[in-house]
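Asker: how would this look folded up:
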Amino acid sequence: MTQGIIDPVLFNKETNDLLSQANSFRDEINAIKNVVSGDVTKVTAATALLHFTEKAGYFRTSMMTCFKNM
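Answerer: So this is what the prediction gives:
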């Protein structure tokens with residue numbers, strides 16, 4: 001009877017399965033990070049564009065007011 005002894009073949013198989021699953025999880029985490037990073041980049045760009053257009057709108061309104069007062 002081999003009570004208390006780990007079967008090396010089964011141990012290696014289980015270890016390889018767990019390592020493979022860990023690699024799959026790492027790949028999935030990296031894919032999610034890339035999606036989130038891309039979304040953050042889009043939000044940052046949209047915010048910058050919004051600020052730019054708000055400033056442009058203010059500038060245009062100021063210029064129109066100046067021309068009306070001339």
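
Asker: Next, report how far stretch 17-30 is displaced from the centre of its chain.
Answerer: Counting by C-alpha atoms, centre = their mean, to the nearest Å, stretch 17-30 is centred 18 Å from the centre of its parent chain.

Asker: What average pLDDT does that stretch get?
Answerer: Summarised as a single mean, pLDDT over stretch 17-30 is 94.

Asker: Pull out the buried residues from it.
Answerer: The neighbour-count check on stretch 17-30 (16 or more other C-beta atoms under 10 Å) flags nothing as buried. All C-beta atoms are positioned from the backbone trio N, CA, C, and that covers glycine.

Asker: Run through who's touching that stretch.
Answerer: Residues outside stretch 17-30 that contact it (C-beta atoms under 8 Å, 6 or more residues apart in numbering): none.

Asker: Which residue ranges of the chain form strands?
Answerer: Along the chain, no segments are classed as strands by DSSP state E.

Asker: how about low-confidence regions in it?
Answerer: Scanning the chain for pLDDT under 70 picks out 1-3, 58-70.

Asker: what about 80?
Answerer: For the chain, the stretches with pLDDT under 80 are 1-4, 51, 53-70.

Asker: which residue ranges form the helices in this protein?
Answerer: Assigned by DSSP state H, the helices in the chain fall at 8-69.

Asker: And the residue nearest the centre of this structure?
Answerer: Centroid check for the chain by C-alpha atoms, centre = their mean gives Val36 as the closest residue, at 1.7 Å.

Asker: What residues does that residue make contact with?
Answerer: Contacts of Val36 by C-beta under 8 Å, 6+ apart: none found.
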